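Student: Sequence plus predicted model, see below.
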Amino acid sequence: MVDVTGLMCRGSQVVMKAGSGYSLAFDGHMASGIQMAEGVINTLTRFDWNSGLSAGTLGSPGIGILGDACSSLVAIDAIQFDMTGYPSRIIAEDMINVNRDIALRNLAILRDKKNQDFLTNA
């Protein structure tokens, strides 16, 4: 596995969340998956988190939440890409559900304007 690094998350975080059934065939799609997840997060929250990450003005709580959300969104794509590495389809779907719940929780936190102010001034 090549550890692709985006602004919000790293490929190694995605692989960890995708679990032991992760397919190395997804490695070629990791960079675009991270880029798409970053776009979804920025658009859904109506906030340009990438600027704060690039400028180094985002505190560690914000970096952690963004990384958790981004890696969960990409892990969902990785699991859906190839489910054959998991003991059963049900286990793969459970992994997707867990990652979806993590992403939704973090997106709700990031959408709130008071939280955005807190995280960018932390």
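Tutor: That came through fine.
Student: Dump the C-alpha coordinates for stretch 114-121 into CSV.
Tutor: C-alpha atoms of stretch 114-121 as CSV (Å, rounded to 0.1, in the frame of the first residue of the first chain):
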residue,chain,number,x,y,z
LYS,A,114,-20.3,27.9,16.3
ASN,A,115,-18.2,24.8,16.0
GLN,A,116,-16.5,26.2,12.8
ASP,A,117,-15.6,29.3,14.8
PHE,A,118,-14.3,27.3,17.7
LEU,A,119,-12.3,25.0,15.5
THR,A,120,-10.7,27.7,13.4
ASN,A,121,-9.8,29.7,16.5
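Student: Could you tell me the average pLDDT over that stretch, please?
Tutor: Per-residue pLDDT over stretch 114-121 has a mean of 92.
Student: Any buried residues in that stretch, and which?
Tutor: Across stretch 114-121, burial judged by 16 or more other Cβ atoms under 10 Å covers 115-116, 119. Placement of C-beta: from N, CA and C, glycine included.
Student: cool, stretch 43-55 as well?
Tutor: Buried residues in stretch 43-55, counted by 16+ other Cβ under 10 Å: 45, 47, 49-50, 52-53.
Student: picking that back up, export the buried residues of stretch 114-121 to CSV and tack on secondary structure and distance to Tyr86?
Tutor: CSV is the format used below for the buried residues of stretch 114-121 (DSSP: H, G, I helix; E, B strand; the rest coil; distance: Cβ to Cβ, whole Å):
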residue, secondary structure, distance to Tyr86
Asn115, helix, 34
Gln116, helix, 36
Leu119, helix, 34
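Student: Closest to Asn97 out of the buried residues of stretch 43-55?
Tutor: Distances from Asn97 to these, taken as Cβ to Cβ, are shortest for Thr45 (22.2 Å).
Student: What residues does that closest one make contact with?
Tutor: 107, 110-111, 116 (Cβ atoms under 8 Å, 6 or more residues apart in numbering).
Student: show me the contacts for the spatially most central residue of the chain.
Tutor: Nearest to the mean C-alpha position of the chain, by Cα atoms, centre = their mean, lies Cys70 at 1.6 Å. Residues in contact with Cys70 (Cβ under 8 Å, 6+ apart) are 6, 8-9, 13, 34, 37-38, 41.
Student: Right, I'll call it a day here.
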